[in-house]
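Asks: Below are the sequence and a predicted model; questions follow.
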Amino acid sequence: MESTNDQQGELYEVFIQSKPGQSFKHAGSVHAFDKNMALQNARDTYTRRNEGTGIWVVPSKEITALSLEEQAYFVEPSTDKIYRHPTFYNLPEGVKNM
Amino acid sequence: MTVQAVIEQEKLAQFEAKIENEIKIEPNDWMPEDYRKHLIRQISQHAHSEVIGMQPEGNWITRAPSLRSKKILLAKIQDEGGHGLYLYAAAETLGVSREQFISWLHEGKAKYASVFNYPTLNWADIGAIGWLVDGAAITNQVSLQRTSYGPYSRAMVRICKEESFHQRQGYEIMWRMMEGTKDQQRMAQDALNRWWWPSLMMFGPHDTDSPRSEKAIQWKIKRESNDRLREKFINKTIPQAELIGLKVPDPELRLNEDGTYQHGDINWDEFYAVINGNGPCNKQRLQHHIKAHQDGAWVRETAAIHQQKMNNHGKH
Ligand SMILES: [Fe+2]
Ligand SMILES: [Fe+2]
């Protein structure tokens, strides 16, 4: 078998939840031929030392990402809405539990 | 200047500003072609080294002297396989497939660390490898955690977390042998004698003979020079040797006034001979990798057919 015709499966992105209740965080990627194999490979590759209890695997090609050209203006609207932050507001002296 | 050239120049300026400000470069970002090429070569070489490096240690799994040491060695070697996978994944983000990296290795177009072309003759060698070879790798990898390419940097952070057990288990083997019989002490010293110089060579040629390094440091792919990293490794390793009664095989070794060490000449002829395929085990290492890969071909073929079937049924 010619090695360049070799197949090593599809790319999956791996997300790990370090503890119940925490957000899932991207850990890296694995190759696999189906989703069960992707889960097993993710466990063997990314959780050999209790790095997490929860694992998600997602085919890399299913992920939609912001393109580089869009980046600047796409995220821009949030920067001028400073009233979304609690520090924007003036409060009377002495107010508590707020 | 053409519009295209102006745009290119603007992109280069943005890229250089990111490097300057310690902002990581990510896979979809624009990058100079030479930056991409340098990363492809360096990361894949690093990945191949992790995987080929499993062989000299694998040689002793069935002959480990106790169940404890066998379990440790298995876990250590499994980690190295994992390190190879993290690094292949990082290298793949640069637009080259895993299959391509493997075939470049098999065709002899890709290199791996020359140190893995030396044989493991007895159990003390497993101690020397963990202590010295992993110790040298750690010195390099700690520095590479700050590399400018995001996926490479993240792989390094993950790897460094796992490496410190590797070095400790090796040092523990050496220490136990030095606490043992005269024969065990001789074995430990003999292993150090054989692995010391190849470990120093792991950092690559002297800065003055390393033409690619300058650009790599300018782009912050590498953060410290070969000689600087080698010096760091020597400075921390010599006291470790002395503590357990081992002697580094370098008659010209001297302690400088500032606490650093001056080492004797490295045999660069040997280094280049081994890198170019003429070390004691080069053929064996590559043959073994090719055989293991070919032996597994039927599994990949079967899995690919399974995948095709699942896709045709419309369920993934
Ligand atoms: Fe490693
Ligand atoms: Fe290691």
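Replies: Structure's in. What do you need? Ligands and ions are numbered 1, 2, ... in the order given.
Asks: Which helix or strand contains B:Asp258?
Replies: Using DSSP states H and E, B:Asp258 maps to neither a helix nor a strand.
Asks: number of nearby residues for it?
Replies: 5 (other CB atoms under 10 Å in any protein chain shown). No exception for glycine: its C-beta is placed from N, CA and C like everyone else's.
Asks: okay, it: pLDDT?
Replies: Note on B:Asp258: pLDDT of 89.
Asks: try B:Asp207
Replies: Predicted confidence (pLDDT) for B:Asp207: 92.
Asks: Likewise for A:Ala72?
Replies: Value for A:Ala72, per-residue pLDDT: 72.
Asks: What residues does the residue in chain A that ligand 1 sits nearest to make contact with?
Replies: Residue of chain A nearest ligand 1, by CB to the ion: A:Arg48 (12.8 Å). Counting by CB atoms under 8 Å, 6 or more residues apart in numbering or on different chains, A:Arg48 makes contact with B:75, B:78-79, B:82, B:162.
Asks: Dump those to TSV, plus secondary structure.
Replies: Converted to TSV, the contacts of A:Arg48 look like this (DSSP: H, G, I helix; E, B strand; the rest coil):
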residue	secondary structure
B:Ala75	helix
B:Gln78	helix
B:Asp79	helix
B:Gly82	helix
B:Glu162	helix
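Asks: ok, is stretch B:90-101 in contact with chain A or not?
Replies: Yes - Stretch B:90-101 reaches chain A (CB under 8 Å from any CB of the partner chain) through B:92, B:97-100.
Asks: Max pairwise distance over those residues: which two?
Replies: Spatial extent of the residues of stretch B:90-101 next to chain A (CB to CB) is set by the pair B:Glu92 and B:Glu99 at 10.0 Å.
Asks: Give me the more crowded residue out of these two.
Replies: More neighbours surround B:Glu92 than the other of B:Glu92 and B:Glu99, with 23 against 17 (other CB under 10 Å).
Asks: Tell me, how many residues neighbour the residue of the stretch 201-316 of chain B found nearest ligand 2?
Replies: Scanning the stretch 201-316 of chain B for the residue nearest ligand 2 gives B:Met202, at 12.2 Å (criterion: CB to the ion). Neighbour count for B:Met202, taken as other CB under 10 Å: 23.
Asks: Distance of the residue of chain B found nearest ligand 2 relative to chain A?
Replies: Of all residues in chain B, B:His166 sits closest to ligand 2, at 3.7 Å by CB to the ion. Applying CB to the nearest CB, to the nearest Å, the value for B:His166 to chain A is 13 Å.
Asks: tell me which residues in the helix or strand hosting that residue are buried?
Replies: In this assignment (DSSP H and E), B:His166 forms part of helix B:150-178. For helix B:150-178, the neighbour count (16 or more other CB atoms under 10 Å in any protein chain shown) marks B:150-156, B:158-160, B:162-163, B:165-167, B:169-171, B:173-175, B:177-178 as buried.
Asks: Tell me which other helices or strands the helix or strand just after it touches.
Replies: Next in sequence after helix B:150-178, counting helices and strands by DSSP H and E, comes helix B:182-201. When contacts are defined as 3 or more CB pairs under 8 Å, 6 or more residues apart in numbering or on different chains; DSSP states H and E, helix B:182-201 sits against helix B:123-128, helix B:134-144, helix B:150-178, helix B:226-243, helix B:268-273.
Asks: who wins for proximity to B:Gln14 among those helices?
Replies: Of all these, helix B:150-178 comes closest under CB to CB, at 15.6 Å.
Asks: pretty sure A:Phe15 belongs to a strand, no?
Replies: Yes - under three-state DSSP, A:Phe15 falls within a strand.
Asks: how distant is stretch A:84-98 from the center of its chain?
Replies: 33 Å (CA atoms, centre = their mean, to the nearest Å).
Asks: Could you export that stretch as CSV, CA atoms only?
Replies: Coordinates of each C-alpha in stretch A:84-98 appear next as CSV, following Å, rounded to 0.1, in the frame of the first residue of the first chain:
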residue,chain,number,x,y,z
ARG,A,84,-23.3,46.5,29.3
HIS,A,85,-20.7,46.5,32.1
PRO,A,86,-21.7,47.1,35.8
THR,A,87,-18.8,49.5,36.3
PHE,A,88,-20.6,52.0,33.9
TYR,A,89,-23.2,52.9,36.5
ASN,A,90,-23.1,55.6,39.2
LEU,A,91,-24.6,54.6,42.5
PRO,A,92,-25.4,56.6,45.7
GLU,A,93,-22.8,56.4,48.4
GLY,A,94,-23.5,53.7,50.9
VAL,A,95,-25.7,51.3,48.8
LYS,A,96,-25.0,47.7,49.8
ASN,A,97,-25.3,44.2,48.3
MET,A,98,-25.3,45.5,44.7
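Asks: quick revisit: need the helices and strands packed on helix B:182-201 in CSV with mean pLDDT, can you?
Replies: Shown next, in CSV, are the helices and strands packed on helix B:182-201 (pLDDT from 0 to 100):
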stretch, mean pLDDT
helix B:123-128, 98
helix B:134-144, 97
helix B:150-178, 96
helix B:226-243, 96
helix B:268-273, 96
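Asks: mind putting those in CSV, distance to B:Ser44 included?
Replies: Formatted as CSV, the helices and strands packed on helix B:182-201 follow (distance: least, CB to CB, whole Å):
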stretch, distance to B:Ser44
helix B:123-128, 27
helix B:134-144, 14
helix B:150-178, 11
helix B:226-243, 19
helix B:268-273, 20
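Asks: contact partners of the lowest-mean-pLDDT helix or strand in chain A?
Replies: The helix or strand of chain A with the poorest confidence is helix A:68-75; it has a mean of 73 (mean pLDDT, DSSP states H and E). Residues outside helix A:68-75 that contact it (CB under 8 Å, 6+ apart): A:66, B:28-30.
Asks: and if you look at stretch B:168-176?
Replies: The contact list for stretch B:168-176, computed with CB under 8 Å, 6+ apart, reads B:69, B:72-73, B:76, B:123-124, B:126-132, B:134-135, B:188, B:191-192, B:240, B:244, B:246.
Asks: One more: stretch B:147-157?
Replies: Stretch B:147-157 is contacted by residues A:28, B:18-19, B:22, B:24-27, B:39, B:43, B:83, B:86-87, B:89-90, B:93, B:141, B:144-146, B:219-223 when judged by CB under 8 Å, 6+ apart.
Asks: Closest residue of chain A to ligand 2?
Replies: Per CB to the ion, A:Arg48 is where chain A lies closest to ligand 2, at 13.0 Å.
Asks: Thank you kindly, that will do.
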